[in-house]
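[1] Give me coordinates for this.
(one chain, ligands or ions: 1)
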Amino acid sequence: MSSDRALIEVRSLTVDYVGEHSVARAVDGIDFDIREGEAFGLAGESGCGKSTVAFALARLTRLPGLVSGGQVRLNGDDVLKFDKARLKAYRWNEVSFVFQSAMNALNPVISVAEQIMDVIETHKPELGSDGARARAVELLELVGIPPARLDDFPHQFSGGMRQRICIAIALALSPRLIIMDEPTTALDVVVQRDIIEQIVELKEKMGFSVLFITHDLGLMIEFCDRIGVMYSGELVEVAPAEAILTNPQHPYTRALGNSFPPLTGPRLRMEGIPGTPPDLRALPPGCRFAPRCPHAMEICRVKAPELRYYPEHRSEAACHLLN
Ligand SMILES: Nc1ncnc2c1ncn2[C@@H]1O[C@H](COP(=O)(O)OP(=O)(O)OP(=O)(O)O)[C@@H](O)[C@H]1O
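    Sure, this is the predicted structure:
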C-alpha cells in the first residue's frame with residue numbers, strides 16, 4: 001500500500017549533456033515526489049529523459065552528463081550533496097537498481113551465492129559469512145528461485161532467472177527505493193509479466209517504493225500507482241495510473257496512450273504520434289509539444305505552460321488548453 005508521505009522529493013532537477021560546442025538539457029527543471037510504498041512510473045518516447053532522471057536519482061550521472069541544478073531530497077537531505085561516505089550508505093541500503101542489462105552484468109565465473117553475499121558483506125559486515133549466506137538463501141526464495149541453486153553459476157540460469165537474481169541482489173539490504181529501468185524488456189512477455197507480478201507482491205510485503213521505467217505503457221499502467229509523463233526533458237503530466245488511462249489531460253499523454261495497444265477489448269489500429277520530438281539543442285519557444293499538437297493555440301507557440309494541479313481531474317498537467 002502506498003502512503004501520502006513522500007520518500008523522495010525531486011525539485012527543479014536539471015541535467016545537461018555537455019558537448020564540445022553545445023549543451024543538451026536532457027532534463028529541464030522537473031518536480032515530482034515518489035511516495036512511501038508506491039510504484040511511480042516515468043513514461044514518454046525514447047530520448048525524453050527518463051533514464052537520465054533515474055541515473056540522477058541514483059547519483060550515477062557520468063560525464064558528459066552533469067546535474068546542473070535542483071535537489072533530490074530523501075527525508076529532507078539532498079542526495080545530490082552527499083559525500084562519498086554518505087553515498088556508500090545511500091546506494092544499496094536506501095536505493096538500489098535493476099537495469100535492462102543487469103542480468104548480463106552478473107559475473108559468469110562467480111557463483112550466485114558469492115555475488116549476492118558480496119553485496120551483503122560489503123555493506124553489513126557484522127552479519128558475517130554465515131549470516132550473509134542465510135540472507136542469500138532467503139533472498140533467492142523471495143524471488144522464486146530454489147535455494148538449492150545458490151552455488152550455481154549465472155550461465156546455468158535462463159535470462160528470466162538471471163534477472164530474478166538481480167532483483168534479489170537489489171533487495172539484499174531492504175532498500176526503500178528500487179529503481180527499475182526497463183527491467184524486463186529483454187525477456188519474453190510471459191516471463192516479463194511473472195517478474196513484474198512478483199515485484200508487486202514483494203513491494204506490498206516489504207513496503208519499498210519503485211521508480212519504474214518501461215516502454216510498455218500498458219504494463220506501466222497496470223503496475224504503477226502514479227505515472228509521470230515526460231516530453232523533451234519536462235514533465236507534462238503527473239497523475240494516478242488510472243487517470244492516465246481513462247482521463248488523460250495533456251494532449252501528449254493522449255497521443256502516447258493512443259500509440260499503444262489497449263489492455264483489454266478488441267485490437268485497434270494504433271496511431272503513431274506524428275512528427276518527432278524537438279532537438280534539445282534548438283527547442284521551440286512556448287510549449288515543446290506545440291509543433292506536434294493537434295490542438296495548439298497561438299499562446300502555445302509563445303508561452304511555456306506550467307505544471308499545475310487540477311483537483312477535478314486528480315492530475316497535474318502543463319497545458320494551456322486546461323486554463
Ligand atoms: N551520454 C550522452 N551524451 C549526450 N547526450 C545524451 C547522452 N545520454 C543521453 N543523451 C541524450 O539525452 C536525452 C535523454 O536521454 P535518455 O536516455 O535519458 O532518454 P530516455 O527517455 O531514457 O530514452 P530511452 O527510452 O530510449 O532509454 C536524449 O536526447 C539523449 O540523446
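
[2] Which residue ranges of the stretch 151-300 of the chain form helices?
    159-171, 189-206, 217-223, 241-246, 251-258 (DSSP state H, counting those that start in this stretch).

[3] most tightly surrounded among those?
    Burial of these is given as mean neighbour count (mean count of other Cβ atoms under 10 Å); helix 159-171 ranks first at a mean of 23. The way it works is simple: take the backbone N, C-alpha and C, and place the C-beta from them, glycine included.

[4] quick one, it and helix 189-206 angle?
    20 degrees (axes from the mean of the first three to the mean of the last three Cα atoms, to 10 degrees).

[5] so how far is helix 159-171 off the chain centroid?
    17 Å (Cα atoms, centre = their mean, to the nearest Å).

[6] quick one: average pLDDT of that helix?
    On average, the pLDDT along helix 159-171 is 92.

[7] Now tell me what touches that helix from outside.
    96-98, 102-106, 112, 115-116, 119, 136, 139-140, 142-145, 154, 157, 178, 183-184, 186-188, 191, 194-195, 198-199, 202, 206, 208 (Cβ atoms under 8 Å, 6 or more residues apart in numbering).

[8] okay if I get the helices of the stretch 151-300 of the chain as JSON lines plus distance to A304?
    Output for those, formatted as JSON lines (distance: least, Cβ to Cβ, whole Å):
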{"stretch": "helix 159-171", "distance to A304": "37"}
{"stretch": "helix 189-206", "distance to A304": "35"}
{"stretch": "helix 217-223", "distance to A304": "25"}
{"stretch": "helix 241-246", "distance to A304": "22"}
{"stretch": "helix 251-258", "distance to A304": "14"}
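
[9] so which of those helices gets nearest G233?
    Minimum separation from G233 across the helices of the stretch 151-300 of the chain (Cβ to Cβ) falls at helix 251-258, 12.9 Å.

[10] same for that closest one, what does it pack against?
    Counting contacts by 3 or more Cβ pairs under 8 Å, 6 or more residues apart in numbering; DSSP states H and E, helix 251-258 is packed against strand 226-231, strand 234-240, helix 241-246.

[11] Walk me through which strands the following helix or strand past it pairs with, and which way each runs.
    Going down the chain from helix 251-258, the next helix or strand is strand 308-310, by DSSP states H and E. Using DSSP bridges, the strands paired with strand 308-310 are strand 315-317 (antiparallel).

[12] And the pLDDT at the closest residue to the ligand within the stretch 101-250 of the chain?
    Going by Cβ to the nearest ligand atom, the ligand is nearest to H215 of the stretch 101-250 of the chain, at 6.2 Å. For H215, the pLDDT comes out at 86.

[13] Likewise for L245?
    So, for L245, pLDDT stands at 94.

[14] now swap in F99 and tell me
    85.

[15] in the chain, what spans have low per-residue confidence?
    Within the chain, the stretches with pLDDT under 70 are 1, 261-271.

[16] could you redo the last one with a cut-off of 50?
    The chain contains no residues with pLDDT under 50.

[17] Near the ligand, which residues of it are found?
    Residues of the chain lying close to the ligand (Cβ under 6 Å from any ligand atom) are 17, 24, 26, 44, 46-52, 64-65, 280.

[18] burial of I213, as a residue count?
    23 (other Cβ atoms under 10 Å).

[19] go on, D279?
    That count, for D279 with other Cβ under 10 Å as the rule, works out to 11.

[20] again with P240
    16.

[21] One more: R301?
    14.

[22] Not counting residues beside it along the chain, what's closest to it?
    G286 (4.6 Å; Cβ to Cβ, 6 or more residues apart in numbering).
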